[in-house]
Structure formats: C-alpha cells, structure tokens
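> Give me the fold of what follows.
(2 chains, ligands or ions: 2)
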Amino acid sequence: MSVLDIARPATDYVAPQKTVAAAAIDARISEIHYGKFLAVRDTNIAIEKNKITGFIGPSGCGKSTVLRSLNRMNDLIPSFRLEGQVQFLGQDIYARNIDPVVVRRHIGMVFQQPNPFSMSIFENVAFGLRLNRYKGDYKQRVEYALRRAGLWDEVKDKLKENGLALSGGQQQRLCIARAIATEPTVLLMDEPCSALDPIATRIIEELMLDLKKDYTVAIVTHNMQQAMRVADTTAFFSVDISRGGRTGFLCEAGDTEQIFHDPKQDLTKRYISGEFS
Amino acid sequence: MSSTDFKQDSGRSASRPPTTGDIIADRVFRGGAYAAGALVVLLLIYILWEIGFRAMPAIERYGFGFLTSAVWDPGQEKFGVLAEIWGTLYSSVLALVIAAFFGVGVAIFLTQDFLDARLAQVFRTVIEMLAAIPSVVYGLWGIYVVIPALRPVAGFLNETFGWFPMFSSSFSGPSMAPAVIVLAIMVLPTVAAISQDAFSLIPYKTKEAAFGMGTTRWEAITKVMIPTATSGIFASLVLGFGRALGETMALAMLIGNSNQISWSLFSPANTLASLLASQFPEASGIETQALMYAAIVLLVISLAVNVVGTLIMAMSSKQKVG
Ligand SMILES: Nc1ncnc2c1ncn2[C@@H]1O[C@H](COP(=O)(O)OP(=O)(O)O)[C@@H](O)[C@H]1O
Ligand SMILES: [Mg+2]
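Ligands and ions are numbered 1, 2, ... in the order given. So this is what the prediction gives:
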C-alpha cells in the first residue's frame, strides 16, 4: 500500500481553544485551487504569537501555497482561488474590504531564493520604511534591522554597495533585515535556508530564535532537524491522490516535541521516521 | 597536437581524448570567430582612413574653424558646420526625450502584466514594424500629415507663448518641430524594444520581493522595476541616440535645410546627415572635401556617444558587482 493512499484529514488536532486565543493568524482553509487543480484542502491552522510555527511535509504538499495565502502573496497568481477564512488579529484578510497591499505590510515575507533589490544595502533595508513613509531616523532603524539580522558587522563599511554584490547567505540576511525593518507583526519564511550552506543556515536559525521575542514567525522547511531546532509548533502536511490530483492537506499539528516524539497520525509517524520524504 | 590519454588497463571506460578532427574543428571555429571580429575593426579603421584621406585638403584648409563657423557658401569656398552640429544634437536630444518617455512607457505597458500575453505580443510586433518603414516614407508622411497638423498648434503656441525660446518664431513649415516628431517615432522602436528586454530580464523573484514588501503595482514599477532596469534603459537610450544622430532622409525632407542656430522649434535648421544628403549631389572640388570633413565630424560624434555610453554602463555595472 502506498503511503499516499491514506487520505484522512486530521483537522481534529488543529487549533485547540487555548492556542486560538493567542493566535496572530488563524487560518481555516477548506480549499485552494490553482485553476481547476485542487492544491490544498482542509487545512485549519493557528500561527501563535511570539512563537515559531514550522511547516513540514513532502514536497508538493502545499506548504508554500498555504504559507503564501497567509499574507495574500498568492494573489499574484491569477488562477489562485481560496475558499475559507484567514483571520489576522481577528479580521478575515480575504474579506472584500481588505486591500492585500495592507496585509503584506503587516505580514512580511522572506523567500526561498534570496531576492534583494538591485540597489544599495542601505536602500534595501530602508525600502519598507520609505514605502510606509516612515518619519523617524532612517540610519538608526536600518542599523537596528541589520544588527538583528546578524549582518551589521559585515556590511557597516559598505552600506552604499549594491545588495546583489553580497554572498548568498548575506543576501538572505539582507532580505530578513529588509523584512523586519518596518517591524511587521508576522514574518513568513519559505525555506529561507534551502539555498544556503550550513554555517549561513545556523546563523539564520539563531536569528529566528532571537526574532520570536518580538515577532510571530511561520517557517516552511524541508529539513526536519531544522524544524526540531527552531519550531515551537510543527504542522505536518501531507498529500493524497485519492481524488485524482495530488492534493495537500494538514495532517497533524501540535507542539514540536509531541509531533516528533508522539505523533498521533500514522502518516506523521512514518514521515518522521524517514519512511518517505 | 599531443594530448595525454589516461588509459585504464581494463579498457572499460568510455572516456577518450577528442579526436584530431574535433581539435581541428575547434581551432578553425575559434580562428574564424577571431577573424570575423578583427574584420569589423579593420573595416571601421578603413572607412575612417578613407574618408579622412578625402577630407584632408579641407581639414588642412579650414582646421578647427570648420567647427565654429556657421557659413556654408560654396561660391566663396567658405565652409563651417556649427549650425549642423547644433541641429544634429538639438534634434536628436529632443527626439530622444520624446522617444524615451513613450518607449519606456510602452516597455512597461507591455511587460508589467497590463495586457494578456498574446495581446502584448501583437503590440510588440506592431511597434517593431515601425522600424521597418523606410525613411523616405516617414519623410513624406511628415510633409503631408505632420506639417499641416502642426500649423495651427504652432501658430497658437507662437502667439501665446512667443516669449518662450522654443516657440519664439513663426512656423515655417519644414522646421525643427516636424523633424523632431518624426525622428522620435523613428527612434521609438529601438528604445521600446531594448527597454522591454531590460524589463523582461528582471527575475520573477524581484517582483515577488516588491509585492512581498507591500507595494502597490505602481510602487512596484516605479520603486523596484524601473531602478532594476536602469542600465538596460540607459543602453536603449544610447542606441536610440546613435540612431537619431545618423538619421538622414526623413530629416533632409523635413528640417528645412537652413544654416541657422535657434532654440525655436518652428525655425528651419539643418543636421550633419541631411547636409551631406542634400549637398553631395551637386558638390565638387573643395566642397566635396568639406562634406567629407562634415562626415568625419558626424562619425566622431556618433562614436563618442557610443563610447561614453558604454563607459558609463561599464562603470555602473562594476559598481553593482562591487
Ligand atoms: N503557481 C502555481 N500554479 C499552479 N500550480 C501550482 C502553483 N504553485 C504551486 N502549484 C502546485 O500546488 C501544489 C503545491 O505546491 P507548493 O505549495 O509549492 O508545495 P510545497 O511548497 O509543499 O512543495 C503542487 O502540486 C504544485 O505543483
Ligand atoms: Mg515550497
């Protein structure tokens, strides 16, 4: 029997009452389509305040799709369609009267591939400040963001240089600095370390642990060890092919400790043990 | 042609050195590529030398004064191209400003998801077709359509804003204004096509980064896309400027061919290329040599624009890479 034949949504494990109360984002997604293709179904998940929530699961199970629907990044894709609600601080961000631009200013994002702008390091970090017409001290704010991203010492003497001239790991930390300079409420990270070497990865993991004091973080990772190292809560996604396509769903979510040591779902158990990936 | 072969005893490995034939093909191809490159450089030097040789008598006779005098009088054998230099630069700069505005606008319109892909392709083709229209057809269109259409507008501007240098003379028909408008349309495809390439080369992840920061579409374009495409846009302007400097036929038909230096768009003027086109057929003796001298001036201006443009681009890309 193939692993993928088991198709049981595990919504009963998601969002017990106490976590919802402390949730920055409470997503109740019943379906996400790309055109006719049902990419994700039955995914209810709460992203708790000042915690790191890790999304794990085999590739193609909709981790990125779900993460990107939390700040309406998927609106860039014309065929994208979501059924359900995503509550951010009590408001449905998919409600008619909500401008996705505003949502993205409060819920920042760091992408899989470092994508600094082709402008100076300083301007990269100041970008969001200028965008939001920030009136305060730019220098101080930029330095603070770069310090938090663990990049200040490496770039303080070359703030005028183009951000693209940095190494991959530095570029990714620059992108993190850019995302946190405006102090958004939530930071979404989609496999932020997948293009990085182990040393840069460690730096960014430490950074995430430091950031959660002030922010709420959700991170997609392909690396279970990374989830164990950084995530407080872990959400395991899986994919089922019972309805024709390959549809992702949230299989199980809970404390990282519990997911990795006492998984309730058979699928989770088998994924954790490395039976499939 | 000795090459080492790391032969293994087992003989099972399929790895072999390239054959003599492969190596010869490689050498021939490389040699051919070098030769073709050298040929282009030689051709440029040959043309410069040939024209320079023919212009020599005029260069010796008129010297630097050729560039500072605005008289072109074959009867008295007095020649100078200051007016033509002015006309060439003035018309090209104005045309480029217009073409830059519309060309970059078109490039943004066609690459930033304002149209669906198929419609954008249709537009793109139509604009590229503008480049296929012969110069003389533009000239005729200028004479029969642009000049009559400009007459009332120019009259109004001159009467109302006559104090402004660009509108300070009455409309003379063939003049700077129709020449600049037609020239701008002729340069537009170059600017539009190359800026489009610059925008299309921006990776999708840059667009995601912009929207991820919470930009509106307008902010993504003005604060991220245009700055990212700057060097490509600049390249399109350098090429467009080069094209404008050398354009001949349409300008000879529209600019009025008069040796005047004026800010006014409504006065006739002249350019180096149209001076060559209009004077050459009847020129002989020292006038031919003076025209050759004028050709060198045009060539030097064009080369200078390209060299300076290339240098600026090289400098800015060096800055980017650190
Ligand atoms: N822009 C898109 N258009 C169509 N299908 C997509 C798009 N992005 C992702 N998908 C599909 O949605 C499913 C989930 O993809 P994704 O969220 O990227 O998975 P993961 O991040 O878990 O690897 C996959 O089957 C993928 O092919
Ligand atoms: Mg993904």
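
> For B:F156, give its distance to chain A.
41 Å (CB to the nearest CB, to the nearest Å). Any C-beta I mention is one placed from the backbone N, CA and C, and that applies to glycine too.

> interface residues of the stretch 101-250 of chain A facing chain B?
A:101-106, A:108-109, A:111, A:113, A:115-119, A:127-128, A:130-132, A:158, A:161-162, A:164-165, A:175, A:178-179 (CB under 8 Å from any CB of the partner chain).

> Packing partners of the one helix or strand B:P152 maps to?
Using DSSP states H and E, the element containing B:P152 is helix B:147-160. In terms of contacts (3 or more CB pairs under 8 Å, 6 or more residues apart in numbering or on different chains; DSSP states H and E), helix B:147-160 is packed against helix B:176-200.

> how about the helix it packs on, does it get close to chain A?
No: using CB under 8 Å from any CB, helix B:176-200 never reaches chain A; the gap is at least 11.4 Å.

> Now do that helix against helix B:147-160, angle only.
With axes from the mean of the first three to the mean of the last three CA atoms, to 10 degrees defining the directions, helix B:176-200 sits at 110 degrees from helix B:147-160.

> Show me how far helix B:176-200 is from its chain's centre.
Centre-to-centre, helix B:176-200 and its host chain are 9 Å apart (CA atoms, centre = their mean, to the nearest Å).

> in it, what counts as buried?
In terms of neighbour count (16 or more other CB atoms under 10 Å in any protein chain shown), helix B:176-200 has its buried residues at B:176-196, B:198-199.

> how about low-confidence regions in the stretch 151-277 of chain A?
A:241-244, A:277 (pLDDT under 70).

> Output the set of residues of it in proximity to ligand 1.
A:R246, A:G248 (CB under 6 Å from any ligand atom).

> What spatial separation is found between the residue of the stretch 151-277 of chain A found nearest chain B and B:W163?
Chain B sits closest to A:A165 of the stretch 151-277 of chain A, with a gap of 3.5 Å, by CB to the nearest CB. Relative to B:W163, A:A165 is positioned 51 Å away (CB to CB, to the nearest Å).

> cool, and A:T201?
For A:T201, the distance to B:W163 (CB to CB) stands at 68 Å.

> of those two, who's got more company?
A:T201 (19 against 7; other CB atoms under 10 Å in any protein chain shown).

> Now do the helices in the stretch 1-150 of chain B.
For the stretch 1-150 of chain B, the helices defined by DSSP state H, counting those that start in this stretch cover B:20-62, B:65-68, B:82-111, B:117-130, B:135-141, B:147-160.

> circling back: flag every buried residue along the helix holding B:P152.
In helix B:147-160, counting by 16+ other CB under 10 Å, buried: B:I147, B:L150, B:A154, B:L157, B:N158.

> before we move on, what about stretch B:118-126?
Neighbour-count burial for stretch B:118-126 [16+ other CB under 10 Å]: B:A120, B:R124.

> One more: stretch A:95-114?
A:100-101, A:103-114.

> Need the distance between the two termini of that stretch.
31 Å (CA to CA, to the nearest Å).

> Repeat that for stretch A:245-260.
28 Å.
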